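S.K.: Based on what follows, work out the 3D shape:
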Amino acid sequence: MARDPVCEMDVDEQQATSKRLTSRYRGQTYYFCCPSCKEHFDQDPDRYVGRQYEQH
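M.R.: Below you'll find the predicted structure:
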């Protein structure tokens, strides 16, 4: 499990990957629950990375 950095929901990494709901930023992969959260993150990743829980 990973945590969506935008809404902080738990996200299944395999499901997010298969739905292309991931982003790479500064060498780290981030997983999202929906396209909207991914879009928000992609527009301003620094806004969310600071409060991000450690990814697996």
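S.K.: May I see the buried residues of stretch 24-38?
M.R.: Neighbour-count burial for stretch 24-38, counted by 16 or more other CB atoms under 10 Å, picks out Tyr30, Tyr31, Phe32, Cys33, Cys37, Lys38. For the C-beta atoms, the positions are set from N, CA and C on the backbone; glycine is no exception.
S.K.: From the residues you listed, which land in helices?
M.R.: Taking DSSP state H, the ones among the buried residues of stretch 24-38 that sit in helices are Cys37, Lys38.
S.K.: Could you list the low-confidence segments of this structure?
M.R.: Within the chain, the segments meeting pLDDT under 70 span 51-56.
S.K.: what ranges do the strands span in it?
M.R.: 2-3, 10-11, 22-25, 28-31 (DSSP state E).
S.K.: re earlier: closest to Ala16 among the buried residues of stretch 24-38?
M.R.: Tyr31 (4.0 Å; CB to CB).
S.K.: residues touching that closest one, list them.
M.R.: Counting by CB atoms under 8 Å, 6 or more residues apart in numbering, Tyr31 touches Ala2, Arg3, Asp4, Val11, Glu13, Ala16, Thr17, Leu21, Thr22, Gln55.
S.K.: got TSV for the residues you listed, with distance to Arg47 and neighbour count too?
M.R.: Putting the contacts of Tyr31 into TSV (distance: CB to CB, whole Å; neighbours: other CB atoms under 10 Å) gives the following:
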residue	distance to Arg47	neighbour count
Ala2	18	21
Arg3	15	18
Asp4	14	22
Val11	18	23
Glu13	22	15
Ala16	20	20
Thr17	23	13
Leu21	18	19
Thr22	18	16
Gln55	17	12
